[in-house]
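In: sequence first, then the predicted structure, then my questions.
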Amino acid sequence: MNTYGGILESADSIRRKIMYSKIPVFVFIDGNAASAGALISIACDSIYMRKGSTIGAATVVNQSGEKVSEKYQGYMRGMMRGTAETKGKYKIIENGKEVEKWKRNPEIAEAMVDDRIKIDGIIDSAKILTFTSSEAIKYGFCENEAENIIEVLELANIENYEIKKYKYTSLEKFILLFLSPYLQGILIMIIIGGIYFELQTPGIGFPIIASIIASVLYFSPLYLEGLAENWEILVFIIGIILIALEVFVVPGFGITGISGTILTIFALTISLIDNIIFSWDIVFASNIFLKSLFFVSISIFLSFLISLYAGSKIITSGNFGFLVLKSTQKKETGFIGVETKNREMIGEIGKAITDLRPSGKIQINEKIYDAKSEMGFLEKNQMIKVIRYETGQLYVIKAYLISDKN
């Protein structure tokens with residue numbers, strides 16, 4: 001074992017499996033057994049430590065390293081005490097009398113959690129207890145020192161053994177790779193950049209495909225690792241749907257677009273926070289949420305910068321000719337500008353057949369035209385009047401605002 005700690009729920013699960021195991025369990029501390037590592041070590045039948053290693057410091061902290069509330073500290077004290085008690089007592093002769101002593105002193109185990117516990121000759125108050133290997137041997141929290149696993153087996157008088165080494169599976173390597181903060185940042189940029197490009201040039205397909213693939217690669221490792229839950233992925237999908245509705249169904253940037261943006265950023269942020277033991281109090285009381293939000297926000301900002309730069313390059317380069325109109329209609333070759341008949345629509349009365357926010361569709365004399373509201377939004381079925389025609393665009397206002405003289 002070599003750990004600075006871990007998730008309390010996972011540590012408790014490991015602790016119980018070790019305590020109730022019919023097979024003796026030994027632990028070799030090769031460096032550190034702090035916090036959850038100390039709890040698991042105490043649950044083992046025998047503890048061996050490399051010289052220079054430590055065990056203890058089991059105060060419960062959040063992901064920012066800050067001490068959490070007494071509720072969690074009390075629970076951890078109880079687990080440490082109860083685990084130490086399962087190792088039982090032994091009898092020795094002191095001053096001619098037979099006395100019982102704990103194999104693992106429960107009070108010492110509690111002192112590894114609570115800085116208020118004082119044990120004469122061992123720890124003063126206001127300090128969290130941590131043992132070196134020699135101190136752990138002296139006070140019953142280590143059987144002996146060893147330099148490696150082979151020496152542990154020799155000290156335990158185990159001769160017939162087989163050593164198996166754990167190796168990462170391909171899936172675990174995949175998860176570890178995509179849990180890299182750098183790669184997660186790149187994936188967020190691709191997600192946002194793909195959505196941005198698709199909204200700017202609907203129908204191309206490639207940007208949104210890249211965004212979908214990046215979303216899968218972003219959420220899959222987090223989901224498999226237990227960080228992202230089903231509801232967080234659902235929030236992300238709802239956010240994307242709301243943004244799409246705002247762009248394609250309800251033009252303008254209102255409550256739908258704002259809600260979609262907030263939900264999307266929230267889902268990307270909260271998915272980076274551990275969900276195995278999830279508490280809104282801990283999440284918002286600590287800096288972990290702000291750190292995740294900052295990470296996501298920076299990635300989104302960089303994505304927009306890169307998207308704008310890449311967009312300008314696409315337009316000015318010849319590599320994406322299918323996206324850009326490059327032909328020039330010159331007068332010398334027969335092309336001339338012709339005024340359209342839409343200019344004749346000035347003064348006509350009709351009605352809006354869609355909401356104009358500010359653009360939409362209008363109907364005049366049973367024909368449908370694209371139009372833009374001159375002032376404010378116009379609701380569907382509102383009577384309108386065309387007031388001007390400019391650069392291929394009809395401009396309208398509410399019909400009742402125009403007097404008969406106009």
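Out: On my side now, so go ahead.

In: going by C-alpha atoms from here, please, whenever you check contacts or count neighbours.
Out: Fine.

In: pretty sure Ile14 is touching Ser41, no?
Out: No - Ile14 lies out of contact with Ser41 (C-alpha atoms under 8 Å); the separation is 10.1 Å.

In: of the two, which one has the most company?
Out: Ser41 (27 against 15; other C-alpha atoms under 10 Å).

In: contacting residues around the more buried one?
Out: 27, 33, 47 (C-alpha atoms under 8 Å, 6 or more residues apart in numbering).

In: again, 6 Å this time
Out: By C-alpha atoms under 6 Å, 6 or more residues apart in numbering, the contact set of Ser41 is empty.

In: Ala33 now?
Out: Counting by C-alpha under 6 Å, 6+ apart, Ala33 has contacts 2-3, 55.

In: so which of those sit within strands?
Out: Among the contacts of Ala33, DSSP state E puts Ile55 in strands.

In: ok, now how distant is Ala36 from Ile42?
Out: 10 Å (C-alpha to C-alpha, to the nearest Å).

In: burial measure for Ala57, as a count.
Out: Neighbours of Ala57 using other C-alpha under 10 Å come to 25.

In: what's near enough to touch it?
Out: Contacts of Ala57 by C-alpha under 6 Å, 6+ apart are 34-35, 112, 128-130.

In: gap between it and Ile150?
Out: Distance from Ala57 to Ile150, by C-alpha to C-alpha: 28 Å.

In: same deal with Gly392?
Out: The value you get for Gly392 to Ile150, if C-alpha to C-alpha is used, is 85 Å.

In: so where's the stretch 251-400 of the chain uncertain?
Out: For the stretch 251-400 of the chain, applying pLDDT under 70 flags the ranges 251-253, 274-287, 310-341, 400.

In: give the contact list for Phe377.
Out: By C-alpha under 6 Å, 6+ apart, the contact list for Phe377 reads 356-358.

In: what do you get if the cut-off is 10 Å, keeping everything else the same?
Out: Under the criterion of C-alpha atoms under 10 Å, 6 or more residues apart in numbering, the neighbours of Phe377 are 252, 355-360, 397-398.

In: in helices, which of those residues fall?
Out: Assigned to helices by DSSP state H, none of the contacts of Phe377 qualify.

In: so Thr218 makes contact with Phe174?
Out: One thing to correct before we go on: residue 218 is Tyr, not Thr. No - with contacts counted by C-alpha atoms under 10 Å, Tyr218 stays clear of Phe174, the gap being 11.5 Å.

In: pull out the buried positions in the helix or strand hosting Arg16.
Out: Using DSSP states H and E, Arg16 sits in helix 8-19. By neighbour count on 16 or more other C-alpha atoms under 10 Å, the buried set for helix 8-19 is 8, 11-12, 15, 18-19.

In: who has more neighbours out of Tyr218 and Phe174?
Out: Legend: neighbour count by other C-alpha under 10 Å for Tyr218 and Phe174, higher for Tyr218 (24 against 14).

In: does the more buried one count as helix, strand or coil?
Out: What DSSP: H, G, I helix; E, B strand; the rest coil gives for Tyr218 is helix.

In: contact partners for it?
Out: 175, 178-179, 183-188, 191, 212, 228, 268, 271.

In: just the buried residues of the contacts of Ala33.
Out: 3, 55.

In: which residues does the most centrally placed residue in the chain contact?
Out: For the chain, the residue sitting closest to the mean C-alpha position, by C-alpha atoms, centre = their mean, is Leu272 at 1.6 Å. Going by C-alpha under 10 Å, 6+ apart, Leu272 touches 179, 181, 184, 219, 222-223, 227-228, 288-289, 291-293, 295-296.

In: how close does the residue lying closest to Ile349 once chain neighbours are set aside get to Met79?
Out: Nearest residue to Ile349 in three dimensions, chain neighbours excluded: Lys385, at 4.6 Å (C-alpha to C-alpha, 6 or more residues apart in numbering). Separation of Lys385 from Met79 (C-alpha to C-alpha) stands at 78 Å.

In: more neighbours: the two, which one.
Out: Taking other C-alpha under 10 Å, Lys385 and Met79 do not tie; Lys385 has more neighbours (25 against 18).

In: ok, now which ones touch that one?
Out: Residues near Lys385 by C-alpha under 10 Å, 6+ apart: 345-352, 362, 364, 373, 394-402.

In: these in helices, which ones?
Out: Among these, no member falls in helices (DSSP H).

In: just the buried subset of the residues you listed, written out for ChimeraX, thanks.
Out: This is the ChimeraX syntax for the buried subset of the contacts of Lys385, where burial follows 16+ other C-alpha under 10 Å:
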select :347,349,350,351,352,362,364,373,394,395,396,397,398,399
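
In: okay, and which of the contacts of Lys385 map to strands?
Out: Those of these lying in strands (DSSP E): 349-352, 362, 364, 373, 394-398.

In: relative to Lys67, which of those residues is nearest.
Out: Closest approach to Lys67 among the ones in strands among the contacts of Lys385 (C-alpha to C-alpha): Ser373, at 58.5 Å.

In: the closest one contacts Thr354, correct?
Out: No - counting by C-alpha under 10 Å, Ser373 does not reach Thr354; the two are 11.6 Å apart.

In: what sits in contact with each of those two?
Out: Taking C-alpha under 10 Å, 6+ apart as the contact rule, Ser373 and Thr354 both touch Gly360.
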